[in-house]
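Trainee: Could you work out the structure for the sequence below:
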Amino acid sequence: EREREMKAFFFTASLVVTCWAQHSIDADIAIYGSTVCGIAGFVTAARSSSPHTKIALLSQTEFIGGMTAGGLSGMDLRMPVGGVLAEMLQRMGTGVHPSPNFEPHVASAAFAALLNETTSAHPNAQVYVVGSVAQPAQLTAARWIASVYTTQGFNVSARYWLDCSYEGDVLRYSGTLFTMGREARDTYNESLAGTEGYPFAAGRFPAAVDPFVQLGNPASGLLPGIVRVAGPQEQPGQASGLVQSYNYRLCLTDRPSNRRNFAPPPGYAASNLELLRRWFVALGPRAQQLTMEDFFLIRTLPNDKIDLNSGNSPFSTDMPFLQFEYPLAANQSVRASIAAAHKFWILSLLYYLATDPAVPGPLQQAVASYGLCADEFVRYDNFPPQLYVRESIRLVGARVLTQNEVFGAHTAASPRGVGLSNWLVDVHAVQRVAVPLPSPGGQGRLTAYVVADAGTRNTASQVSQLTEIPYDVLVPRPGDAANLLVPVCASFSHIAFATYRLEPQYAIFGQSAAAAAVQALEQSPSPQAVQDVDVDLLRRTLQAQGVLLNASDPGPVPNPVAALAPCSDLRSARQHWTFNYSNDATIRLDFAAAARHHSHSREDSVTPSNICLSVYGYSRDPGAQLWTATCHTSDKIPQHQNQEFVRIQATPADTFFVRAQLSGMCLAVGPNSTVVQTECSNPILWQLGALRGGQQWVDSKTGWCLTAAYI
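Mentor: Next comes the predicted model:
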């Protein structure tokens, strides 16, 4: 049955991609890149344009959906969403599961169906596989991009261009101003900007390992995976043209009937992982305590699958020594070789962990219990075809958004905002280096060495506010390319981009950019430069399309029940907290019911005396302020069963947010039913209204559940 389902899917997908014999495409709006951004833009342009408008989605490969369909199945989402993105998530069935996580083939099927529906409904909307941009674009004297030639021999002409690729190739080959890597700390006065600098303490391996092929002998050369020796002359805060590491997001399973055990890739040699072996030795007895979670960030997916991402270990699926040439590669064969090298190293790592005798037993047993999913990426030997290009080049546009504008008091409402963004500063390691340090008793001589993954900026303490992203970061400067919009490689500083570079944001601003292109094409007597688009009109259009523009209006709220209780009795737990609407909203906590469930005796057990509920809300009245109900705890369990917990004057039109705190740790109810752990000192607002009945999230520390049901 599963095989028939997959064959049916690939047949459907083959109808989506249209390859014509002739090698010319003439479009009004050309959207380059079949990423989630490109698909959102294509659907938006088709739905909002006239039937005569010619819309072309230009896919670089036959694989549709980018990272969202390519293994990034544990979606990074910390904000309410609307528009086409919300529709995509619904099609992927995220309302069925307690978080916006989905199997890769489900995302692929959802995208295929959406594109098929779009091309069927719009007579001039087509999808093409064209390859990548092959040479500089043809521009008019007024700096309008006239045409682009691709690696598969297509000459594509268009009146407006959306560059929705991860690489930013239309941006690059159009001659539009762009940048790459990190700005210096003083370029935009950003405290987190620039290089890490000597002695690279943040990214050092937790135990000292010798970096040289022959122990203690620098002349023997560096071990595989170490880029260079970094010295004390490298000061922090300097500019750098290097990008952060890439990887693949793997879909694995421990279900034997669907598991393909890890096999050595062609050319495998355990000696390539000598640095890892030495690290295990240096850890000593601590190595026996290592788990998969120490190596990888793991997101649980349906049907006994996981999304495997790089974790906090020095060794993970990130390869901070392979990606440097990728953004400005001279041709696609160079990029293909870089992608192949990432695949080789990742498969080598997993095979080594699962089989090599140097690996600690508990860790090896855990890794060996997993394998590639036999029912995922069937056409690609069960390995995802999409390299995770976390960053490439970036537009230097009409406005550059910086760290100072996505944090704190500087995140005021933007009258030119065309969507929302929110994430932490998420920069992965840039390069693996050997760092010389003074030897004990060595009179200051740098003769001791450690290894460091330099360049990381990844901390939950640096979380951006819910930011209203202005239209100006999507378009070039006045006088630069007049018909180009860049919603992926948009105009941010490196640090600000680290809070933006996510699949949900790419979908949101793909829709915003497409709506702007349609407006520029159809709302003026003659084609209008993208820099001259009426943003007020664009915002009204986006709001009508369901896009959330203001941090204070994340959408309507249904009547949910949220409950926190031991997982043993979820039915009763759903009665703990209720929201009821009349002329006001009342939140009640059934302390007595909570006490009945409190029967376990672990030291980290949650008692009613340290359950804390915080409620936030935004009024739909544009002039109203944020209202807050402060956290309340009880010193002892009330004897009456329905203790009124918080009472707020509000209406059903208001939006509610909730945060539940357990012993100093916070659980946040998020969009599409997600519940995540976050620092209480840095609260993030989450829309409670996205909860759906019967959903739950289990806190691994306390063993308690947060559950939702409609009333």
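
Trainee: Quick check: buried residues in the helix or strand Ala27 falls within?
Mentor: In this structure, Ala27 sits in strand 24-32 according to DSSP states H and E. Within strand 24-32, the residues that qualify as buried by neighbour count (16 or more other C-beta atoms under 10 Å) are 25, 27-32. (Each C-beta comes from the backbone N, C-alpha and C, glycine too.)

Trainee: Which two among the residues you listed are spaced furthest apart?
Mentor: Asp28 and Tyr32 (14.4 Å; C-beta to C-beta).

Trainee: what's the distance between Phe315 and Leu171?
Mentor: Per C-beta to C-beta, to the nearest Å, Phe315 is found 34 Å from Leu171.

Trainee: whoops, Asn309 was the one
Mentor: 27 Å.

Trainee: the more surrounded of those two?
Mentor: Ranked by neighbour count (other C-beta atoms under 10 Å), Asn309 and Leu171 place Leu171 first, with 31 against 23.

Trainee: which residue packs closest to the residue nearest the centre of the chain, ignoring adjacent ones?
Mentor: In the chain, the centroid-proximal residue (C-alpha atoms, centre = their mean) is Leu502; its distance is 3.4 Å. Once flanking residues are discounted, Leu502 sits nearest to Asp76: 5.0 Å by C-beta to C-beta, 6 or more residues apart in numbering.

Trainee: which ones are touching the one you found?
Mentor: If you count contacts by C-beta atoms under 8 Å, 6 or more residues apart in numbering, Asp76 has them with 423, 502-504.

Trainee: The stretch 351-500 of the chain: helices as residue ranges?
Mentor: Per DSSP state H, counting those that start in this stretch, the stretch 351-500 of the chain carries helices over the ranges 361-368, 403-406, 494-497.

Trainee: That should have said the stretch 151-300 of the chain, apologies.
Mentor: Ranges of helices within the stretch 151-300 of the chain are 169-173, 274-283, 292-295, based on DSSP H, counting those that start in this stretch.

Trainee: The helix or strand following the strand holding Ala27 versus strand 24-32: what angle between them?
Mentor: Once the chain leaves strand 24-32, the next helix or strand it forms, by DSSP H and E, is helix 36-48. Counting by axes from the mean of the first three to the mean of the last three C-alpha atoms, to 10 degrees, helix 36-48 lies at 110 degrees to strand 24-32.

Trainee: what element comes up after helix 36-48 heading to the C-terminus?
Mentor: Downstream of helix 36-48, the first helix or strand assigned by DSSP H and E is strand 55-59.

Trainee: What is whichever helix or strand comes after that following strand packed up against?
Mentor: On the C-terminal side of strand 55-59, the nearest following helix or strand under DSSP H and E is helix 66-69. On a contact count with 3 or more C-beta pairs under 8 Å, 6 or more residues apart in numbering; DSSP states H and E, helix 66-69 meets helix 36-48, helix 104-121, helix 503-522.

Trainee: quick one on the thing from earlier: okay, the residue nearest to the centre of the chain: pLDDT?
Mentor: At Leu502, the model reports a pLDDT of 96.

Trainee: Give the full set of residues in contact with it.
Mentor: Neighbouring residues of Leu502 by C-beta under 8 Å, 6+ apart: 76-77, 423.

Trainee: swap in Ser157?
Mentor: 24-27, 146-147.

Trainee: Tell me the bridge partners for the nearest residue to Leu162 once chain neighbours are set aside.
Mentor: Nearest residue to Leu162, sequence neighbours excluded (C-beta to C-beta, 6+ apart): Ile31, at 4.5 Å. Beta bridges link Ile31 to Leu57, Leu162, judged by DSSP bridges.

Trainee: please begin residue numbering at 43 from this point
Mentor: Fine by me, first position is 43 from now on; the one you just mentioned is Ile73.

Trainee: Kindly state the pLDDT recorded for Ile73?
Mentor: At Ile73, pLDDT is 98.

Trainee: Tell me how many other residues crowd Arg441.
Mentor: Neighbourhood size, Arg441 [other C-beta under 10 Å]: 18.

Trainee: Please report the distance of the residue nearest to it when sequence neighbours are not counted from Gly552.
Mentor: Of all residues not flanking Arg441 in the chain, Asp514 sits nearest, at 3.7 Å (C-beta to C-beta, 6+ apart). Asp514 sits 17 Å away from Gly552, going by C-beta to C-beta.

Trainee: For these two, indicate the residue with more neighbours.
Mentor: Just comparing Asp514 and Gly552: by other C-beta under 10 Å the higher neighbour count belongs to Gly552, 33 against 20.

Trainee: Next, the contact list for the more buried one, please.
Mentor: Here Gly552 is in contact with 73, 77-83, 86, 126, 204, 206, 529-530 (C-beta under 8 Å, 6+ apart).

Trainee: List just the nearest of those to Leu584.
Mentor: Taking C-beta to C-beta as the measure, Leu584 lies nearest Thr86 of the contacts of Gly552, at 9.2 Å.

Trainee: wait, what's in contact with the closest one?
Mentor: Taking C-beta under 8 Å, 6+ apart, we find Thr86 in contact with 125-126, 552-553, 556-557, 560, 587.

Trainee: swap the cut-off to 6 Å and go again
Mentor: Contact analysis of Thr86 by C-beta atoms under 6 Å, 6 or more residues apart in numbering lists 126, 553, 556-557.

Trainee: Could you list the buried residues of stretch 145-163?
Mentor: Residues 145-154, 156-157, 160-161 are the ones in stretch 145-163 that count as buried (16+ other C-beta under 10 Å).

Trainee: Is it possible to get TSV of the residues you listed that adds distance to Leu579 and pLDDT?
Mentor: Output for the buried residues of stretch 145-163, formatted as TSV (distance: C-beta to C-beta, whole Å; pLDDT from 0 to 100):
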residue	distance to Leu579	pLDDT
Glu145	40	95
Pro146	38	97
His147	40	97
Val148	36	95
Ala149	33	96
Ser150	35	97
Ala151	36	96
Ala152	31	95
Phe153	30	97
Ala154	33	96
Leu156	26	96
Leu157	28	97
Thr160	24	96
Thr161	28	96
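
Trainee: Save the residues you listed as JSON lines, and put in distance to Asp296 too.
Mentor: Below are the buried residues of stretch 145-163 laid out as JSON lines (distance: C-beta to C-beta, whole Å):
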{"residue": "Glu145", "distance to Asp296": "15"}
{"residue": "Pro146", "distance to Asp296": "17"}
{"residue": "His147", "distance to Asp296": "18"}
{"residue": "Val148", "distance to Asp296": "19"}
{"residue": "Ala149", "distance to Asp296": "21"}
{"residue": "Ser150", "distance to Asp296": "22"}
{"residue": "Ala151", "distance to Asp296": "24"}
{"residue": "Ala152", "distance to Asp296": "25"}
{"residue": "Phe153", "distance to Asp296": "27"}
{"residue": "Ala154", "distance to Asp296": "28"}
{"residue": "Leu156", "distance to Asp296": "31"}
{"residue": "Leu157", "distance to Asp296": "33"}
{"residue": "Thr160", "distance to Asp296": "37"}
{"residue": "Thr161", "distance to Asp296": "39"}
